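> Could you look at this predicted model? Sequence included:
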Amino acid sequence: MISLAHAQDAAAAAQPGFMQFLPLILMFVVIWFLMIRPQMKRAKEHKALVDGLQKGDEVVTQGGVAGRVTKVADAYISLEVAEGVEIIVQRPAVQIVLPKGTLKSAV
């Protein structure tokens with residue numbers, strides 16, 4: 001009798017089922033919608049912002065430097081941060097494009 005009971009338990013446990021993987025699948029779906037998808041959306045918006053940079057745009061870099069774009073190249077842009085002072089930064093370092101006239105009103 002006892003050996004039959006053990007045999008039935010082993011046979012029932014050996015059958016893999018969809019219900020065993022359901023928590024893992026649900027965790028992946030939750031992580032996808034809460035973490036991965038918003039990050040991909042943010043990256044796409046930032047790429048569009050960087051690709052749309054033009055001469056004369058007023059921007060703020062990730063380091064907090066505010067300036068006006070004077071030259072746009074493939075990988076770098078030149079920013080005028082003060083009268084006659086230009087710095088070169090990488091295009092992806094631009095964090096925000098400000099509305100026109102923001103830098104004049106801040107000074």
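Perfect, I can see it now.

> what secondary structure does Lys55 sit in?
Here Lys55 is recorded as coil under DSSP: H, G, I helix; E, B strand; the rest coil.

> Number of residues surrounding it?
Using other Cβ atoms under 10 Å as the criterion, Lys55 is surrounded by 11 other residues. (C-beta placed from N, C-alpha, C; glycine too.)

> cool, and Val85?
For Val85, the tally of surrounding residues (other Cβ under 10 Å) stands at 9.

> What values do phi and psi take at it?
Taking degrees, to the nearest 10, you get phi -110, psi 120 for the backbone angles of Val85.

> any low-confidence regions in this protein?
Scanning the chain for pLDDT under 70 picks out 1-16, 105-107.

> what's the domain layout of it?
The chain resolves into domains spanning 17-51, 54-106 when parsed by automatic domain parsing.

> Please identify the deepest-packed of those.
domain 54-106 (a mean of 14; mean count of other Cβ atoms under 10 Å).

> Just give me how far it sits from the chain centre.
The offset between the C-alpha centroid of domain 54-106 and the centroid of the whole chain comes to 21 Å, using Cα atoms, centre = their mean, to the nearest Å.

> how close does Val69 get to Val85?
Between Val69 and Val85 the distance, using Cβ to Cβ, to the nearest Å, works out to 14 Å.

> if you go through this protein in chain order, where are the helices?
Chain-ordered helices for the chain, with DSSP state H as the definition, fall at 2-14, 18-31, 37-51, 102-106.

> give the contact list for the spatially closest residue to Val69 that is not a sequence neighbour.
Nearest residue to Val69 in three dimensions, chain neighbours excluded: Asp57, at 4.7 Å (Cβ to Cβ, 6 or more residues apart in numbering). Asp57 makes contact with Arg68, Val69, Val97, Leu98, according to Cβ atoms under 8 Å, 6 or more residues apart in numbering.
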